[in-house]
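J.: From the sequence below, what's the structure:
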Amino acid sequence: MTLIPGIGDINTRKLIALSGTAESVFKESRKALSAIPGMSRSVIDPLMHPKPFMERAEEEIVFIRKHNIKTTFFTDEDYPERLRHCTDSPVMIYWLGNGNLNARRIISVVGTRKATDYGKTFCQSLITDLKEPDLVVVSGLAYGIDTCAHKAALDNDLSTFGILAHGLDRIYPPLNQMLAGRMLEQGGLVTEFLNGTKPDRENFPKRNRIIAGLSDATVVIEAGKKGGALITADIANSYNRDVFAVPGRVGDPLSEGCNQLIKTNRAALVQSAADIRYIMNWDKEKPRQAVQRKLFVQLKPEEEKLVQLLEQHGECSMDKLCNETALPASKLAGALLNLEFEGLVRCLPGKIYRLV
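T.: Numbers count the residues shown, from 1 in each chain. Okay, the predicted model is just below:
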C-alpha cells in the first residue's frame, strides 16, 4: 500500500482500520473505499488494480531478505512506542543494527552541517556527561553536528541510531560509510524508504519527523535561521516532546536558529547535561541547593524578586509573574532571560518558569 502515490501514512491507517488487515484492504469494494474521507480516485484506482505495486513489493522483499533487514509494522509489538503515538508516523520502518528503539531514554541531537569547533566540543561533552547504560542517541547521519553526535555516542559506548532520508541500499553522505558501519554494531540505521530511494530534498522533512518522534527530547546545537534542525525542533514541539537549544552569540549566523527557539519559548535554554537531566527529571535525587542566595549581590532588584517568587510558589506562569511583580512585560521577559543565562531559572513548555 505504501507504494501507491499519494496514499500516505494517515490514509493507510484509515484503510487498515476499515478492513482489519493490510491484505484485506485490496478486497474492499470501490464503494466502500469511496466512503472513506480523503480517499480520492487516484488512490482508489491502484487499490482496485494493485498488480504493478505487488510486483515492486516482491522485489523489495527479495532485497530485505538478502540483506537481513528488519521490518516493523505500526501494529507490531516492537514498533517504537514513542513513534506510535505520532499521528503521522510511518506505517512501516526498515532498519539494520542491534539497538533498542524502545530504550528507556532516547535523545536526539541535531544541528548545522557546518558545525564550528565550539559546537562540536559542546556536543561531545554533552553526550559524555549524559552517559548512562540505557541512553540512546538519535540523529540524521548528516555532516556536522549529526556526525559529531553519533561519534560521541559510540566513543562513550552508547547506542546510536541514524535516521535516513533514503533507502538502505546506500549511505548518504558517502563519507559516513565507515561511521555507519560502526553504528550497525552499536545501534543501527532506520528508514521508511524503500531501496533505490535517493536522498531527495523532500525526503528530509519526513526523516526529521522520525528523529523527533523516536525521542523523549530533541537538542539543537548550532542552527541557522532556516534548516532541518529547526524543522525537527518544531515537529518535536508539535508532538509535545521537550526541546532544548544551546544559545550562541548574537549576530552569529550559526546561532540564529537556536537563539530564536529560546526567545520564542519553543526550546529551553541548555548550557550543560545537568540542565537536561533536571528538566527531564532524570536526576530525581539531585538536591536543590539555594545557589541563588550566593549570587543575589549580582542580581538586579527585579531579578531577586522573581527568584523569591519562584522559591515560594515552585512554578509560575509568565502571567502570574507579571501580576505578582507589576513589571512591564518587556522588562519581565528580559529579567527572566537573564536568569536563564545565569543558570538559575528554567523555562518549561507553556511559558512556565521554575528554579534550577
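J.: Got phi/psi on G343?
T.: The phi and psi values for G343, taken as degrees, to the nearest 10, are phi 80, psi 20.
J.: wait, I meant I36
T.: phi -80, psi 130.
J.: same deal with the one 4 residues further on?
T.: Per-residue torsions, S40: phi -90, psi 170 (degrees, to the nearest 10).
J.: Okay, it and K206: tell me how far apart.
T.: In this structure, S40 and K206 are separated by 21 Å, where distance is defined by CB to CB, to the nearest Å. Where you see a C-beta, it was placed from the backbone N, CA and C, and this is true even at glycine.
J.: higher neighbour count, these two?
T.: Set side by side, S40 and K206 show more neighbours around K206, with 16 against 11, by other CB atoms under 10 Å.
J.: got a list of what that one touches?
T.: Counting by CB atoms under 8 Å, 6 or more residues apart in numbering, K206 touches 90, 165, 192.
J.: And it, what's its pLDDT?
T.: K206 is assigned 96 on the pLDDT scale.
J.: got the buried residues for the helix or strand it falls within?
T.: Under the assignment given by DSSP states H and E, the secondary-structure element containing K206 is helix 203-214. Buried residues in helix 203-214, counted by 16 or more other CB atoms under 10 Å: 203-204, 206-214.
J.: what's the answer for stretch 272-281, then?
T.: Within stretch 272-281, the residues that qualify as buried by neighbour count (16+ other CB under 10 Å) are 273-280.
J.: which residues touch it?
T.: The set of residues that contact stretch 272-281 without belonging to it, under CB under 8 Å, 6+ apart, is 105, 107, 125-126, 129-130, 216-217, 219, 242, 244, 268-270, 282-283, 286, 343, 346, 348, 356.
J.: between the buried residues of helix 203-214, which is closest to K114?
T.: Nearest to K114, judged by CB to CB, of these is F204 at 16.1 Å.
J.: about what we covered before: how about TSV for the buried residues of helix 203-214, with distance to P52 added?
T.: Compiled in TSV, the buried residues of helix 203-214 are given as follows (distance: CB to CB, whole Å):
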residue	distance to P52
N203	22
F204	28
K206	23
R207	26
N208	30
R209	28
I210	27
I211	32
A212	33
G213	31
L214	32
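J.: Nearest to K31 among those?
T.: When the buried residues of helix 203-214 are compared for distance to K31 (CB to CB), K206 comes out closest, at 32.1 Å.
J.: So which bits of stretch 103-117 are buried?
T.: Neighbour-count burial for stretch 103-117 flags 103, 105-113, 115-116 (criterion: 16+ other CB under 10 Å).
J.: distance between the ends of it?
T.: Between the opening and closing residues of stretch 103-117 we find a distance of 30 Å, counting by CA to CA, to the nearest Å.
J.: and what of stretch 73-81?
T.: 12 Å.
J.: hmm, who's touching that stretch?
T.: When contacts are defined by CB under 8 Å, 6+ apart, stretch 73-81 is touched by residues 13, 16, 22, 72, 84, 89-93, 101-102, 213-214.
J.: what ranges do the helices span in the stretch 151-300 of the chain?
T.: For the stretch 151-300 of the chain, the helices defined by DSSP state H, counting those that start in this stretch occupy 177-185, 203-214, 228-238, 256-263, 273-279, 291-295.
J.: next one: the second one to chain centre, how far?
T.: Which is helix 203-214. Between the mean C-alpha point of helix 203-214 and the mean C-alpha point of its chain there is a distance of 7 Å (CA atoms, centre = their mean, to the nearest Å).
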